[in-house]
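Participant: structure here, sequence nowhere to be found:
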């Protein structure tokens with residue numbers, strides 16, 4: 001469970017996608033507004049199509065992110081973002097929209113994606129020359145792009161990117177066979193091993209600064225008189241703390257302060273809760 005102290009949000013809960021877009025042109029968005037916009041984009045395919053054209057993309061080739069090369073006299077390197085429209089012009093015959101994954105929303109309101117470019121070494125070399133960067137191993141990019149930052153933040157960012165570009169293909173349509181120990185199953189044709197899926201969950205008790213009052217929520221499926229703490233599943237690349245902060249912003253429109261880890265336990269329907 002996570003124990004948190006809640007701060008009043010700088011803005012009220014905004015559920016209207018149009019209001020968020022209007023605010024985007026005036027100033028930067030608050031954390032709660034970015035999460036509300038991200039949630040709206042995930043739930044509406046038409047909105048994703050509209051914002052993708054004006055969004056920015058972090059290209060990948062073979063799970064390697066593109067980083068910029070340092071300028072003369074500098075050593076720090078950064079992730080090499082490019083506009084989606086510019087990237088599509090470099091690959092006019094490719095459907096990059098189907099190869100892109102929504103990562104987050106910047107404080108300016110711009111949608112940020114990752115795109116797994118097709119091809120191997122030849123494509124990587126051509127892309128590096130055209131985009132002015134270099135595709136590197138994600139673990140190396142942690143050290144090249146994130147000097148002085150907390151390692152957890154950097155790992156989270158790159159794990160999100162590499163996880164988003166990874167896909168799973170069905171090699172053989174046959175019933176899986178359980179291993180003798182029962183901990184995994186094998187495909188009889190290709191010998192691919194399948195392990196049980198884990199679904200980590202974060203749950204939090206939100207209190208005021210004095211810890212005398214708690215904020216509870218109620219869902220439509222709850223029976224009369226039932227309330228609960230805010231909870232939700234971790235998304236790829238999230239820490240338990242970032243999951244809690246996002247879920248609270250989504251459900252009650254509050255930006256949390258002092259998110260503190262209390263402990264973990266196993267549940268009957270999830271691996272960790």
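Facilitator: Alright, I've got the coordinates. What you see is a predicted model; the values in this text were computed from it and never measured.

Participant: CA only for contacts and neighbour counts going forward, please
Facilitator: Noted.

Participant: what's the closest non-adjacent residue to the residue most central in space within the chain?
Facilitator: The residue lying closest to the centre of the chain (C-alpha atoms, centre = their mean) is residue 103, at 4.7 Å. In space, and not counting its chain neighbours, residue 103 is closest to residue 113: 5.1 Å by C-alpha to C-alpha, 6 or more residues apart in numbering.

Participant: are we agreed that the residue nearest to the centre of the chain is in a strand?
Facilitator: Yes - under DSSP: H, G, I helix; E, B strand; the rest coil, residue 103 sits within a strand.

Participant: if I look at it, how far off is residue 187?
Facilitator: 32 Å (C-alpha to C-alpha, to the nearest Å).

Participant: same deal with residue 228?
Facilitator: 41 Å.

Participant: pick out whichever of the two has more residues nearby.
Facilitator: Of the pair residue 228 and residue 187, residue 187 is the one with more neighbours under other C-alpha atoms under 10 Å, namely 17 against 14.

Participant: quick one: contacts for the more buried one?
Facilitator: 172, 174-177, 193 (C-alpha atoms under 8 Å, 6 or more residues apart in numbering).

Participant: at 6 Å instead, please
Facilitator: residue 176 (C-alpha atoms under 6 Å, 6 or more residues apart in numbering).

Participant: residue 34 too?
Facilitator: Here residue 34 is in contact with residue 105 (C-alpha under 6 Å, 6+ apart).

Participant: what about the helices in the chain?
Facilitator: 17-24, 31-43, 45-52, 84-90, 121-131, 138-145, 151-164, 240-252 (DSSP state H).

Participant: closest to residue 213 out of the ones you listed?
Facilitator: Proximity of these to residue 213 was assessed by C-alpha to C-alpha; the nearest stretch is helix 240-252, lying at 15.6 Å.

Participant: centre of the chain to that closest one, how far?
Facilitator: The chain centroid and the centroid of helix 240-252 are separated by 13 Å under C-alpha atoms, centre = their mean, to the nearest Å.

Participant: in that helix, what counts as buried?
Facilitator: Using 16 or more other C-alpha atoms under 10 Å as the test for burial, helix 240-252 gives 240-250, 252.

Participant: could you dump those residues to JSON lines with distance to residue 141 and pLDDT?
Facilitator: Shown next, in JSON lines, are those (distance: C-alpha to C-alpha, whole Å; pLDDT from 0 to 100):
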{"residue": "240", "distance to residue 141": "23", "pLDDT": "87"}
{"residue": "241", "distance to residue 141": "23", "pLDDT": "88"}
{"residue": "242", "distance to residue 141": "22", "pLDDT": "87"}
{"residue": "243", "distance to residue 141": "24", "pLDDT": "90"}
{"residue": "244", "distance to residue 141": "27", "pLDDT": "91"}
{"residue": "245", "distance to residue 141": "26", "pLDDT": "91"}
{"residue": "246", "distance to residue 141": "26", "pLDDT": "92"}
{"residue": "247", "distance to residue 141": "29", "pLDDT": "93"}
{"residue": "248", "distance to residue 141": "31", "pLDDT": "93"}
{"residue": "249", "distance to residue 141": "30", "pLDDT": "93"}
{"residue": "250", "distance to residue 141": "31", "pLDDT": "92"}
{"residue": "252", "distance to residue 141": "36", "pLDDT": "91"}
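
Participant: and those, which is closest to residue 78?
Facilitator: Distances from residue 78 to the buried residues of helix 240-252, taken by C-alpha to C-alpha, are shortest for residue 242, at 22.4 Å.
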